[in-house]
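1. sharing a model prediction with you, sequence too.
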Amino acid sequence: MTHHTQLRATPGVGIPDGRGRTGLDTVGRDLTRNPDVRIRDVEVTSDGWHVLRRTTFDYRRRDGAWSTLQRETYDRGDGATILLYDERRGTVLLTRQFRFPAYVNEHPDGMLIETAAGLLDGDDAETAIRREVAEELGVEVGAVTPVFAAYMSPGSVTERVHFYAAPYSRADRTGAGGGLSEEGEDIEVVELSLLDALDMVADGRIVDGKTIMLLQWWALQRVTT
């Protein structure tokens, strides 16, 4: 009996987990796009709200030798984020909220200033980011510009984040924002000038990666256009 077969009676594999999912150990087994990678086994090590897997695979090195490796991947789905900017006033609309992972890793109070963002949750990226902007910032945006997509932590997290930008004005704020209290969100809406936001990147008051990337993208756009 293989280890894969033995796992069939565990939640998320052979029986439904807390979200009704099964077959969580099948993700990645059929990957054949890279001839230098051969998947041996996929184990589910945690099936909470998101899924942690340990995958064993053979990898052919550049010198032709094969080695067997194990990697853990955290699968939370893909996400989207957006920078709202007011070109006339030179301002950006951001969020401020508590992030426990940052708090436990030396951030003084865990309160991070960020661009609005969220998981796709089955929607396409543009639909998802419009939803998140309405929930977090209380803004109904018009046309949005796709900027790029990026893997934010490719050593362990599968998530690919879709980056957007869109103009806003005071008149576009149709709600209070703040996020969804039933999901534990308590989000403050923060409006800053671009110059102040860049200063906060420089002195460490803004430390969120996606936010830094979009602020610097907009700064470059203003210089080159």
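-> Thanks, I have the structure now.

2. centroid-nearest residue for this structure?
-> Gly79 (4.4 Å; C-alpha atoms, centre = their mean).

3. pretty sure that one sits against Val161.
-> Yes: here Gly79 lies in contact with Val161, judged by C-beta atoms under 8 Å, at a distance of 4.8 Å. (C-beta placed from N, C-alpha, C; glycine too.)

4. shared neighbours of these two, anything?
-> The contact sets of Gly79 and Val161 overlap at Ala117 (C-beta atoms under 8 Å, 6 or more residues apart in numbering).

5. who does the residue nearest to Arg89 when sequence neighbours are not counted bridge with?
-> Leaving out its chain neighbours, the residue that sits closest to Arg89 by C-beta to C-beta, 6 or more residues apart in numbering is Ser193, at 7.8 Å. For Ser193, the beta-bridge partners are Thr91 (DSSP bridges).

6. begin at 591, not 1, for the rest of this chat.
-> Sure, I'll start counting at 591 from here, so that last one is Ser783.

7. what is the neighbour count of Ser783?
-> 13 (other C-beta atoms under 10 Å).

8. isn't it up against Thr681?
-> Yes: using C-beta under 8 Å, Ser783 is in contact with Thr681, at 5.5 Å.

9. check the gap between the residue nearest to Arg679 and Trp656 for me.
-> In this view, Ser783 and Trp656 are 55 Å apart by C-beta to C-beta, to the nearest Å.

10. repeat for Ser746
-> Look at Ser746 and Trp656: by C-beta to C-beta, they are 23 Å apart.

11. ditto for Thr622
-> Distance of Thr622 to Trp656, given as C-beta to C-beta: 16 Å.

12. measure the residue nearest to Arg679 to Ile703 for me?
-> Ser783 is 13 Å from Ile703, by C-beta to C-beta.

13. output the longest helix along the chain as CSV, nothing but the C-alphas.
-> Taking DSSP state H as the criterion, the chain has its longest helix at helix 799-814. Only the C-alpha atoms of helix 799-814 are listed here, as CSV (Å, rounded to 0.1, in the frame of the first residue of the first chain):
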residue,chain,number,x,y,z
GLY,A,799,5.5,44.7,-0.3
LYS,A,800,2.5,45.0,-2.6
THR,A,801,1.9,48.6,-1.5
ILE,A,802,5.5,49.6,-2.0
MET,A,803,5.5,48.1,-5.5
LEU,A,804,2.4,50.1,-6.5
LEU,A,805,3.5,53.4,-5.0
GLN,A,806,6.8,53.2,-6.8
TRP,A,807,5.0,52.2,-10.0
TRP,A,808,2.8,55.3,-9.8
ALA,A,809,5.8,57.5,-9.0
LEU,A,810,7.5,56.2,-12.1
GLN,A,811,4.4,56.7,-14.2
ARG,A,812,4.2,60.3,-13.1
VAL,A,813,7.9,60.9,-14.0
THR,A,814,7.7,59.3,-17.5
